[in-house]
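Enquirer: From the sequence below, what's the structure:
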Amino acid sequence: MGEDPSALLAAAAAGDGAAWNAIVEQYTGLLWSIARGYRMGTADSADAVQTTWLRLVENLDRIDDPSRLPGWLATTVRRECLRMLRRSKREQPSFDDDGLPELPDDSEPLDAALLVEERDAALWRALQQMPERCRLLIRVLMATPPPSYAEVAAALDMPIGSIGPTRQRCLDRLRRIAEADGALIDPAPPGGGGK
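Expert: Sure thing, here's the model as predicted:
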């Protein structure tokens, strides 16, 4: 997240696609984590994130303080999630002529399991290329439920203050390995824009 939000916003407002992609890449994870916190389905969360990006496009030239962009995005996605939740409570199921409700098909596509298996296998291959310390740290931090930093420090004999920076370096390294393996690259990440 090292790029200056002011420069990125100005360039995106001027039509620079690379600047827009950098903004999307930088903040999509934040938007998804907030939307998922509302416990909506994947499709509704994706709609909230997409609408947030649309609101940003509509307001690119109106953001007075670019340093507040993360807060603006967070507030916008929260409002969108709340709007969607209110709307879903108001909507009543409709019935067709034969009296049966029209139910959406929320099932996964037929090849979804295969794609997940391929991605998981590629991720494990990438993780095996990491140094032992990084592998341990990532595996411990990704546990469900996630352990506290105090628990991680005790388990791995690390100072608490070094866990975050070490985690970031390990994830950066894993990302570089993943970029070399096409199976780990999502061609259309949620939230719009490509990498």
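Enquirer: Using the record's domain definitions, break this structure down for me.
Expert: Per automatic domain parsing, the structural domains of the chain span 5-90, 112-184.
Enquirer: pLDDT score for the residue nearest the centre of the chain?
Expert: In the chain, the centroid-proximal residue (Cα atoms, centre = their mean) is residue 29; its distance is 2.9 Å. Listed pLDDT for residue 29 reads 88.
Enquirer: I'd like to know how many residues surround residue 54.
Expert: By other Cβ atoms under 10 Å, the residues close to residue 54 number 13. For glycine as for every other residue, the C-beta is placed from the backbone atoms N, C-alpha and C.
Enquirer: And the helix or strand it falls within, what does it pack against?
Expert: For residue 54, the host element (DSSP states H and E) is helix 42-59. Contact analysis of helix 42-59 by 3 or more Cβ pairs under 8 Å, 6 or more residues apart in numbering; DSSP states H and E lists helix 17-37, helix 69-90 as its packing neighbours.
Enquirer: quick one: buried residues of the last one?
Expert: In other words, helix 69-90. Within helix 69-90, the residues scored as buried using 16 or more other Cβ atoms under 10 Å are 69, 72-74, 76-78, 80-81, 84.
Enquirer: Now distance to residue 148 and pLDDT too, for the residues you listed, in CSV please.
Expert: Formatted as CSV, the buried residues of helix 69-90 follow (distance: Cβ to Cβ, whole Å; pLDDT from 0 to 100):
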residue, distance to residue 148, pLDDT
69, 30, 85
72, 31, 89
73, 28, 89
74, 24, 89
76, 31, 92
77, 27, 92
78, 26, 92
80, 31, 93
81, 27, 92
84, 32, 90
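Enquirer: distance between the helix or strand residue 124 falls within and the chain's centre?
Expert: Residue 124 is part of helix 112-128 when elements are defined by DSSP H and E. Helix 112-128 sits 18 Å away from the centroid of its parent chain (Cα atoms, centre = their mean, to the nearest Å).
Enquirer: With just CA atoms, put it into PDB.
Expert: Extracted in PDB, the C-alpha atoms of helix 112-128 (Å, rounded to 0.1, in the frame of the first residue of the first chain):
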ATOM      1  CA  ALA A 112     -16.200 -25.100  -8.900                       C
ATOM      2  CA  ALA A 113     -14.900 -28.000  -6.800                       C
ATOM      3  CA  LEU A 114     -12.300 -28.900  -9.400                       C
ATOM      4  CA  LEU A 115     -11.100 -25.300  -9.600                       C
ATOM      5  CA  VAL A 116     -10.900 -25.100  -5.800                       C
ATOM      6  CA  GLU A 117      -8.900 -28.300  -5.700                       C
ATOM      7  CA  GLU A 118      -6.500 -27.100  -8.400                       C
ATOM      8  CA  ARG A 119      -6.100 -23.700  -6.600                       C
ATOM      9  CA  ASP A 120      -5.500 -25.400  -3.300                       C
ATOM     10  CA  ALA A 121      -2.900 -27.800  -4.800                       C
ATOM     11  CA  ALA A 122      -1.100 -24.900  -6.400                       C
ATOM     12  CA  LEU A 123      -1.200 -23.000  -3.100                       C
ATOM     13  CA  TRP A 124       0.300 -25.900  -1.200                       C
ATOM     14  CA  ARG A 125       3.100 -26.200  -3.900                       C
ATOM     15  CA  ALA A 126       3.800 -22.500  -3.500                       C
ATOM     16  CA  LEU A 127       3.800 -22.800   0.300                       C
ATOM     17  CA  GLN A 128       6.300 -25.600   0.100                       C
END
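Enquirer: Kind regards, and thank you for your time.
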